[in-house]
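> output the structure for:
(one chain, ligands or ions: 3)
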Amino acid sequence: MNTDAIIRTGRQTVLIVEDELVNQQLLGFILKESYNVLYAQNGQEALDLLHSEKYRVSMILLDIIMPVMDGITFLRLAGEDERIRSIPIIVLTSDNEMELEAFRLGAMDFIKKPYDMPDIILARVRRIIEFVEDREIIRDVEHDPLTGLYNRSFFFEYSRRLMEREKERTFDMLAIDVDRFRIANEVYGRTFGDQVLCSLADGIRKVLHGHLGISCRADADLFYVLIEHGADLKNSLEQIRSCIHEGEHPSVLRIRMGAYSGIGFEHPVSWYAEASKSACDSIRRNYQTDIMIYDEELHRRELYNERLIADVDTAIEERQFVVFFQPKYAIQGERPVLVSAEALIRWNHPELGFVSPGDFIPLFEENGLILKVDNYVWREASRRLREWKERYKLDLHISVNVSRKDLFSTDLSQQLQSIIIENGLSVDDVTLEVTESAYSQDADQMLKAVKTLRDGGFKIEMDDFGSGYSSLNMLCMMPIDALKIDMKFVRNIAISKTGYRIVELVAEMARALNVPTIIEGVEDREQYELVRRVGCDIVQGYYFSRPVDAENFEKLIEKEASQRG
Ligand code: C2E
Ligand code: MG
Ligand code: MG
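Ligands and ions are numbered 1, 2, ... in the order given. Model prediction:
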């Protein structure tokens, strides 16, 4: 091999693969004013030189007829080689027949022998090098550097073009997301996270193999795929999963897929992508399935949710939110005694009618609006309690729900304190219900928040106990003042021995922790007798009363006051 002695930096390098010395020298002479020039006598030498990776070659000029390895074989091998494929090749030939074959194998251009027009040769080489470099720059702009997939904006643009071009075909849009990716990244490290994303991208490439379509990484762990309709979604997800499971820590990752089937031209492509993402998000907490297809029902729900979100401020201003109260009775004495009430929000929407808290509380917990709404409830409930205390001079308190999101806000304790002070109440008057599931996520943070509240004097009831999966160990560490047994345990208390025994055990556990038990959802006399027998202290449920508005709750207070004499 004969390489040009001086490799000047800052210049591109051209490799001439040619066995005839005269031709080598002639081409070298034309090019070496502008480029560094390397030479190889045949295809094999050229491959060896390229594999040595000593030089960054910008262009190959390739003769066809050579000993050892001819130009056609070189083209074929180069096409299969990831490292060489991207280097542009100009074929040197006097044989017209060869041109077509050379193009078919990936050559970008050809130069006719003999080399009688040096300026044209130089101009061709320069143009192609520039063109390929521009293409690489564009590629970098269009692609996500980590996974090599398109980025979001180019994906939308190319999807649109693809659909325009292939009008007679139907396409689906897929969104693929990883559960709790941020946490996995934190726990297992960024390298792990990157590996997962790359494997996911490999999986997506596999899915697209043999199908018309393109894909992108749209966000940290969110991928979109536009694919010709007809691919089996379950198989596709399995393919992606198997790529990830080849890596480490397979069991911690759940991959979800949302799809919009048969996308059209009524909306921009991004709209369909958002829709598939919504479908994907809708199963975030539903572990029964990992695939969801966007449908009319989901669309209606989305519009409905948007409406609720948009209307919150007006609802607060116009007092559309109403606080209901559900009484709690202490049941271990001679007669049930009204001791407290849980404040429960209701929304009387002027157009949508009654909206259940089950519909808007989880929604507002997701986007943080719950902070406003809960603050409103705490104020309303405290204001009512003050009135009742003044009017009836009864020893009565209320409990309010505190959502997980509330616990994250740093001034929660101050907020509650100031509401209490404004209403002339004390921390003993307002108990805080924190749902058990709040403890199972970010346990440390919750412990800290609950501790701060208790340090401020507040009493904490662990709500919905037994509905989530907080460990018994957690219960030992947790500073709580009452255990509120979830409604579903009462369902079975009268039905089976085991059902009865479980409530009994939870009550015993609460005694061991030295805290009273409250049981919710008691609906009839039989259930009531049984929870009394197992030793539950306080009952809340339809058996005594449904949640009622302040006026009706006041009637219950009146009754209690007259009974107490
Ligand atoms: P929760 O805190 O566990 O409240 C108890 C729920 O059980 C209430 O539903 C109540 O109406 C219902 N309930 C009470 N007794 C019975 C019974 O005997 N049978 C049956 N079937 N149900 C009974 P509601 O009012 O629909 O509230 C649902 C959930 O919404 C609440 O569960 C709570 O997690 C949340 N929520 C309600 N109001 C607020 C609020 O102001 N702030 C926050 N953050 N969450 C609230
Ligand atoms: Mg509650
Ligand atoms: Mg509850």
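> buried residues in stretch 353-368, which are they?
For stretch 353-368, the neighbour count (16 or more other Cβ atoms under 10 Å) marks V355, P357, F360, I361, L363, F364, E365 as buried. For glycine as for every other residue, the C-beta is placed from the backbone atoms N, C-alpha and C.
> in JSON lines: those residues, plus secondary structure, pLDDT and distance to T410.
Output for these, formatted as JSON lines (DSSP: H, G, I helix; E, B strand; the rest coil; pLDDT from 0 to 100; distance: Cβ to Cβ, whole Å):
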{"residue": "V355", "secondary structure": "strand", "pLDDT": "95", "distance to T410": "30"}
{"residue": "P357", "secondary structure": "helix", "pLDDT": "96", "distance to T410": "26"}
{"residue": "F360", "secondary structure": "helix", "pLDDT": "95", "distance to T410": "25"}
{"residue": "I361", "secondary structure": "helix", "pLDDT": "95", "distance to T410": "22"}
{"residue": "L363", "secondary structure": "helix", "pLDDT": "91", "distance to T410": "23"}
{"residue": "F364", "secondary structure": "helix", "pLDDT": "95", "distance to T410": "19"}
{"residue": "E365", "secondary structure": "helix", "pLDDT": "91", "distance to T410": "18"}
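> would TSV of the residues you listed with distance to S52 be doable?
Output for the buried residues of stretch 353-368, formatted as TSV (distance: Cβ to Cβ, whole Å):
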residue	distance to S52
V355	71
P357	70
F360	66
I361	66
L363	61
F364	63
E365	60
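> from those residues, pick the one nearest L105.
Closest approach to L105 among those (Cβ to Cβ): L363, at 58.2 Å.
> wait, the closest one touches I309, no?
Yes. Using Cβ atoms under 8 Å, L363 makes contact with I309 at a distance of 7.0 Å.
> just for the stretch 301-450 of the chain, where's the confidence low?
For the stretch 301-450 of the chain, the stretches flagged by pLDDT under 70 are 439-441.
> what ranges does it have for its strands?
Secondary structure of the stretch 301-450 of the chain (DSSP state E, counting those that start in this stretch): strands at 321-330, 337-349, 353-355, 397-402, 430-435.
> again, but for the stretch 101-250 of the chain
In the stretch 101-250 of the chain, the strands defined using DSSP E, counting those that start in this stretch lie at 109-112, 150-151, 171-178, 213-219, 222-228.
> need the residues that contact the last one.
Applying Cβ atoms under 8 Å, 6 or more residues apart in numbering, the set of residues contacting strand 222-228 from outside is 149, 152, 155, 159, 162-163, 166, 169-177, 200-201, 204, 207-208, 211-218, 236, 263, 269, 273, 276-277.
> next, the distance between the ends of stretch 389-402.
Separation of the first and last residues of stretch 389-402 by Cα to Cα, to the nearest Å is 23 Å.
> so which of the strands of the stretch 301-450 of the chain gets nearest ligand 3?
Closest approach to ligand 3 among the strands of the stretch 301-450 of the chain is made by strand 430-435 (6.8 Å; Cβ to the ion).
> mind listing residues that contact the closest one?
With contact meaning Cβ under 8 Å, 6+ apart, strand 430-435 is reached by 340, 342, 378, 381-382, 385, 397-404, 407, 416, 420, 446, 450, 453, 458-464, 467-468, 481-482, 484.
> model confidence score at the residue of the stretch 151-300 of the chain found nearest ligand 2, please.
Nearest to ligand 2 in the stretch 151-300 of the chain, going by Cβ to the ion, is R285, at a distance of 19.0 Å. Looking at R285, its pLDDT is 82.
> hey, which helix is longest across this structure?
helix 118-142 (DSSP state H).
> could you report the neighbour count for E504?
By other Cβ atoms under 10 Å, 17 other residues sit near E504.
> spit out the contact partners of the nearest residue to it once chain neighbours are set aside.
Excluding its sequence neighbours, the residue lying closest to E504 (Cβ to Cβ, 6 or more residues apart in numbering) is V534, at 4.3 Å. Going by Cβ under 8 Å, 6+ apart, V534 touches I493, Y500, V503, E504, A507.
> ok, so of those, who is nearest I121?
The nearest member of those to I121, counting by Cβ to Cβ, is V503 at 91.4 Å.
> assign that closest one to helix, strand or coil.
helix (DSSP: H, G, I helix; E, B strand; the rest coil).
> between L363 and I309, what contacts are shared?
With contacts taken as Cβ under 8 Å, 6+ apart, L363 and I309 have L369 as neighbours in common.
> how close does L77 get to ligand 1?
With distances taken as Cβ to the nearest ligand atom, to the nearest Å, L77 is found 66 Å from ligand 1.
> neighbours of that residue, how many?
Neighbour tally, L77, other Cβ under 10 Å: 16.
> tell me if I'm right that it and L47 touch.
Yes. At 6.5 Å, L77 and L47 qualify as touching, with contact defined as Cβ under 8 Å.
> near ligand 3, which residues of the stretch 451-565 of the chain show up?
Residues of the stretch 451-565 of the chain lying near ligand 3 by Cβ under 5 Å from the ion: D463, D464.
> all the helices of the stretch 451-565 of the chain, residue numbers only.
In the stretch 451-565 of the chain, the helices defined using DSSP state H, counting those that start in this stretch lie at 472-477, 487-493, 497-513, 525-534, 550-564.
> ligand 1 contacts on the stretch 301-450 of the chain?
Residues of the stretch 301-450 of the chain lying near ligand 1 by Cβ under 6 Å from any ligand atom: 326, 344-345, 356-358, 361, 370, 374, 377, 401, 403, 433, 435.
> which of these count as buried?
Neighbour-count burial (16+ other Cβ under 10 Å) is assigned, among these, to Q326, L344, I345, P357, I361, I370, D374, V377, N401, S403, E433, T435.
> from memory the second one sits against P327, does it?
No. Here L344 does not reach P327: they are 11.5 Å apart, not a contact under Cβ under 8 Å.
> so which residues on the protein come close to ligand 2?
With Cβ under 5 Å from the ion as the criterion, the chain meets ligand 2 at residues N401, E433, D463.
> rerun at 6 Å
Within the chain, the positions lying close to ligand 2 (Cβ under 6 Å from the ion) are E342, N401, E433, D463.
> now the buried ones among the residues of the stretch 301-450 of the chain next to ligand 1 in a markdown table, with distance to L425?
Formatted as a markdown table, these follow (distance: Cβ to Cβ, whole Å):
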| residue | distance to L425 |
| --- | --- |
| Q326 | 19 |
| L344 | 19 |
| I345 | 19 |
| P357 | 24 |
| I361 | 24 |
| I370 | 22 |
| D374 | 17 |
| V377 | 15 |
| N401 | 17 |
| S403 | 21 |
| E433 | 17 |
| T435 | 23 |
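> which residues are contacting the longest helix of the chain?
Residues outside helix 118-142 that contact it (Cβ under 8 Å, 6+ apart) are 12, 14, 27, 29-31, 34-35, 58-59, 61, 86, 88, 90, 108-109, 111, 115, 150-151, 154.
> of these, which belong to helices?
L27, F29, I30, L31, F154.
> can you pull the residues of the protein lying near ligand 1?
Residues of the chain lying near ligand 1 by Cβ under 6 Å from any ligand atom: 326, 344-345, 356-358, 361, 370, 374, 377, 401, 403, 433, 435, 463-464, 520-523, 540-542, 547.
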